[in-house]
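Asker: Sharing a sequence plus its predicted fold:
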Amino acid sequence: MPSGISGVLIVAGVVVAAVLGWIAMAYNGLVGLRNRYKTAFSQIDVQLKRRYDLIPNLIETAKGYLNHERQTLESVVQARNSALAASRTAAANPGDPSSMAGLAAAETQLNGVLGRLFAVAEAYPDLKANQTMTALQQELSKTEDQIAASRQVFNESVRRYNTARESFPTNLVADAMGFAPAQLFELGSEKEREVPGVSF
């Protein structure tokens, strides 16, 4: 009789150990996927900072030529500052739905005012001929391409994380351990995703 009880205890111990092992693997897998999308966002953050650093130089260069376009320049400065603040909030908690929505809205607004700035600049031949303005616009365009590539990597990492946290039975661990869904970083429409461009 005692040997039967010890056999049951051994089997129960093995089952408990297997379940705990699976929970640990599921937890560690979710942590790894979460860290992956946070790391991917840090690449977006680097490119966004680079972009935000280029904009004041762009404004300073354009300011001398666009004396009558003060409102356009001020709109760019305000949109840049809003986007910078939204980027900092998103960097503190990548994937958070409200942070990512705020960043997407701020970036959409910034793209719009930069597009208006470049459209206005087209009417000023001296500004179009300015080498500094041309170089800044090219740097900005390259940075936009890098942001788009980094955003694609981030979004793929978020998709993998969300798929893992929603799949059974890992979702049981995700819900119990507080793994919240992550939000993609997407702009609203195809037009908003286009890099503001101008030919200098």
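Answerer: Done, it's in.

Asker: hey, let's count contacts and neighbours off CA atoms from now on
Answerer: Fine.

Asker: Can you tell me which helix or strand of the chain has the lowest average pLDDT?
Answerer: Using mean pLDDT, DSSP states H and E, helix 190-193 stands out as the lowest-scoring helix or strand of the chain, at a mean of 46.

Asker: where in the protein is pLDDT low?
Answerer: Where the chain drops to pLDDT under 70, the residues are 1-3, 188-200.

Asker: In it, what residue spans correspond to helices?
Answerer: Ranges of helices in the chain, per DSSP state H, are 2-63, 70-92, 97-121, 125-129, 131-166, 170-177, 190-193.

Asker: Those helices: which one's closest to residue 183?
Answerer: helix 97-121 (5.0 Å; C-alpha to C-alpha).

Asker: Can you list the buried residues in the closest one?
Answerer: 97, 99-118, 121 (16 or more other C-alpha atoms under 10 Å).

Asker: same deal with stretch 31-38?
Answerer: 33, 34, 36, 37, 38.

Asker: Export those residues to a markdown table and append columns for distance to residue 160.
Answerer: Formatted as a markdown table, the buried residues of stretch 31-38 follow (distance: C-alpha to C-alpha, whole Å):
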| residue | distance to residue 160 |
| --- | --- |
| 33 | 7 |
| 34 | 9 |
| 36 | 10 |
| 37 | 9 |
| 38 | 13 |
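
Asker: and residue 144, how far is that from residue 125?
Answerer: 25 Å (C-alpha to C-alpha, to the nearest Å).

Asker: what about those two, which has more around it?
Answerer: residue 144 (21 against 11; other C-alpha atoms under 10 Å).

Asker: State the distance from that one to residue 93.
Answerer: From residue 144 to residue 93 the distance is 22 Å (C-alpha to C-alpha).

Asker: Then residue 34?
Answerer: With C-alpha to C-alpha as the criterion, residue 34 and residue 93 are 11 Å apart.

Asker: again, but for residue 104
Answerer: Relative to residue 93, and taking C-alpha to C-alpha, residue 104 is found at 14 Å.

Asker: how many neighbours does the residue nearest to residue 177 when sequence neighbours are not counted have?
Answerer: Leaving out its chain neighbours, the residue that sits closest to residue 177 by C-alpha to C-alpha, 6 or more residues apart in numbering is residue 27, at 7.9 Å. Other residues near residue 27 come to 17 when the count uses other C-alpha under 10 Å.

Asker: From what I see, residue 27 and residue 173 are in contact.
Answerer: Yes - between residue 27 and residue 173 there is a contact under C-alpha atoms under 8 Å: 6.6 Å.

Asker: Spit out the contact partners of the residue nearest to residue 177.
Answerer: 173, 174, 177 (C-alpha atoms under 8 Å, 6 or more residues apart in numbering).

Asker: what about the second one, neighbour count?
Answerer: Translated: residue 174. 22.

Asker: Kindly provide the distance from it to residue 163.
Answerer: Applying C-alpha to C-alpha to residue 174 and residue 163 gives a distance of 11 Å.

Asker: swap in the last one?
Answerer: In this view, residue 177 and residue 163 are 16 Å apart by C-alpha to C-alpha.

Asker: Lovely, talk soon.
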